[in-house]
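Participant: below is the sequence, then the predicted model.
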Amino acid sequence: MYRLHPTDNQLIELTETTFADNDIKERQHIEEWIRKSPEVLGEDLLIIGHEYDKFEVNERLDLLALDKDGNVVIIEVKRDTSGSDVDFQALKYASYCARLSQQDILDIYTHYIEMHLEGVDAKQSLLEFLEAEDEDELNAMLNGTQRIIIVGKEFDKRILSVCTWLYENSIDIKCVSIKPYKLNDELIVDTKQIIPPYKLENYYIRKRTEKQKRTIQGDKDVIEFLQAVEESITTQTNYSGRYGGQRNYFKGHKLLGIPWHFVFSYKKDGTALISLESSVSEGTKIIKYIKEKHFEQLKETLGIPIELSEGVKNKDWLRLIAKLNLEVSLPLEERVQEYINVFVKYYNFIQKLKVNHIL
């Protein structure tokens, strides 16, 4: 790491140091840094537990978090060197956490809030972080799988070898280095993702996704339908979304520079929804405008029932929903195409409003 000299226009190398030499403690300092600013690990995480020790065995987990998909994330922190058994330790904790129920997670987070936060409702905080509409959706998201993040200044080569093998064999494990540097009397801290290599992470994700298609849990017809919908949307329109293969819905990206997006859902009884959603003021105002000024026109264009729905927990969340009842006895291709035909009409209708400067 380097510092730019303000007048000489040259780089000055910072001196790497150790946490031990600077009296930086694992629990008192490094865990606290991550607890207060989990984004230093390179992703959006919600810390729900610190120094958790309520397992049947007498062991303490450094930090427990949720990612944006509701997966439980075990964070193990080592001050300077990772040691040779931190991988096994983290795997043990992951196995313990695999048995956590939705209520267990809520209880853990409630206890964490009592210790570290003030005036926060645990359930509402989880709903907002995971962007879940109601408690049923929240419960469906929580603890779908477990992930591991190991944090340390240096990693034993044996640990790196094991973690690489685990990652390539569908165990979601990440190693993040955290290194201190001296700048006069200041301590500069740098973080870097080691495993998986940051630039190759998307490659690994694609590779693992292909392997997971064979082991995924869930209703086969729902999965096949939404996978086909994702592919058809990409090939037949300029819109796109990503289906992870674990839920009965998926979200598309932001549309027309407005903070709203389409959501595509399907149930095994043939109920299929296409909804335009937003919980942000700019997006909800436009959804209300369409409901007031263009609702009948949209309904006539799509030829199916349309309704405006508020969020159950979050009243600021609005959905303009188109509902199809697909005949489940029809071949998959016919059901998908019927669904896509409606989406294309919906998508083009919104695009036309934008082109005509109505939005």
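Facilitator: Right, received. Where do you want to start?

Participant: doesn't residue 345 lie inside a strand?
Facilitator: No - looking at residue 345 with DSSP: H, G, I helix; E, B strand; the rest coil, it is helix, so not inside a strand.

Participant: hmm, it is touching residue 302, no?
Facilitator: Yes - between residue 345 and residue 302 there is a contact at 5.4 Å, judged by CB atoms under 8 Å. Heads up, the C-betas are built off the backbone N, CA and C, glycines and all.

Participant: which non-adjacent residue is nearest residue 339?
Facilitator: Using CB to CB, 6 or more residues apart in numbering and skipping residues adjacent in sequence, the residue nearest residue 339 is residue 272, 5.4 Å away.

Participant: and for residue 96?
Facilitator: Excluding the flanking residues, the one nearest residue 96 by CB to CB, 6+ apart is residue 55, at 5.0 Å.

Participant: okay, now the domains of the protein?
Facilitator: With domains defined by automatic domain parsing, the chain comprises 2-211, 218-355.

Participant: more crowded one of residue 345 and residue 302?
Facilitator: Ranked by neighbour count (other CB atoms under 10 Å), residue 345 and residue 302 place residue 302 first, with 19 against 16.

Participant: measure that one to residue 337 for me?
Facilitator: 15 Å (CB to CB, to the nearest Å).

Participant: quick revisit: look at the residue nearest to residue 96 and tell me its secondary structure.
Facilitator: Applying three-state DSSP: residue 55 is coil.

Participant: mind starting the numbering at 15 from now?
Facilitator: New numbering, starting at 15: the last item is residue 69.

Participant: want to throw the domains of the chain into a markdown table with mean pLDDT?
Facilitator: Converted to a markdown table, these look like this (pLDDT from 0 to 100):
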| stretch | mean pLDDT |
| --- | --- |
| domain 16-225 | 83 |
| domain 232-369 | 90 |
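
Participant: how much space separates the one residue sitting closest to the centre of the chain from residue 360?
Facilitator: Nearest to the geometric centre of the chain sits residue 82, at 2.6 Å (CA atoms, centre = their mean). With distances taken as CB to CB, residue 82 is found 26 Å from residue 360.

Participant: got the contact list for the host helix or strand of residue 46?
Facilitator: Following DSSP states H and E, the helix or strand that holds residue 46 is helix 45-50. Contact with helix 45-50 is made by 54-55, 61, 64-65, 76-77, 89, 91, 130, 165, 203, as judged by CB atoms under 8 Å, 6 or more residues apart in numbering.

Participant: the following helix or strand past that helix pairs with which strands?
Facilitator: The helix or strand immediately downstream of helix 45-50 is strand 60-66, counting by DSSP H and E. Its sheet considered, strand 60-66 pairs with strand 75-80 (antiparallel) by DSSP bridges.

Participant: after the partner strand comes which helix or strand?
Facilitator: strand 86-91.

Participant: got the angle for that following strand vs strand 60-66?
Facilitator: Interaxial angle of strand 86-91 relative to strand 60-66 (axes from the mean of the first three to the mean of the last three CA atoms, to 10 degrees): 50 degrees.

Participant: list of residues touching strand 86-91?
Facilitator: Strand 86-91 has contacts (CB under 8 Å, 6+ apart) with 40, 44-45, 48, 55, 59, 75-81, 100, 103-104, 107-108, 111, 114, 119, 157, 159-166.

Participant: just stretch 352-361 next, same as before
Facilitator: For stretch 352-361, contacts defined as CB under 8 Å, 6+ apart pick out 239, 243, 246-247, 250-251, 253, 276, 278, 280, 286, 288, 290, 312, 315-318, 336, 338, 340, 344.

Participant: okay, and which of those residues map to helices?
Facilitator: 239, 243, 246-247, 250, 312, 315-316 (DSSP state H).

Participant: let me know how buried the closest residue to residue 285 other than its chain neighbours is, in neighbour terms.
Facilitator: Once flanking residues are discounted, residue 285 sits nearest to residue 339: 6.2 Å by CB to CB, 6+ apart. Burial of residue 339 is recorded as 11 neighbouring residues (other CB under 10 Å).

Participant: please enumerate the helices of the stretch 165-314 of the chain.
Facilitator: Ranges of helices within the stretch 165-314 of the chain are 171-182, 215-226, 234-250, 295-307, 309-316, based on DSSP state H, counting those that start in this stretch.

Participant: quick one: which of these is nearest residue 138?
Facilitator: helix 295-307 (18.9 Å; CB to CB).

Participant: which strands and helices sit next to the closest one?
Facilitator: For helix 295-307, the packing partners by 3 or more CB pairs under 8 Å, 6 or more residues apart in numbering; DSSP states H and E come out as strand 272-280, strand 285-292, strand 320-324, strand 332-339.

Participant: okay if I get these as a markdown table plus distance to residue 140?
Facilitator: Below are those laid out as a markdown table (distance: least, CB to CB, whole Å):
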| stretch | distance to residue 140 |
| --- | --- |
| strand 272-280 | 19 |
| strand 285-292 | 19 |
| strand 320-324 | 20 |
| strand 332-339 | 20 |
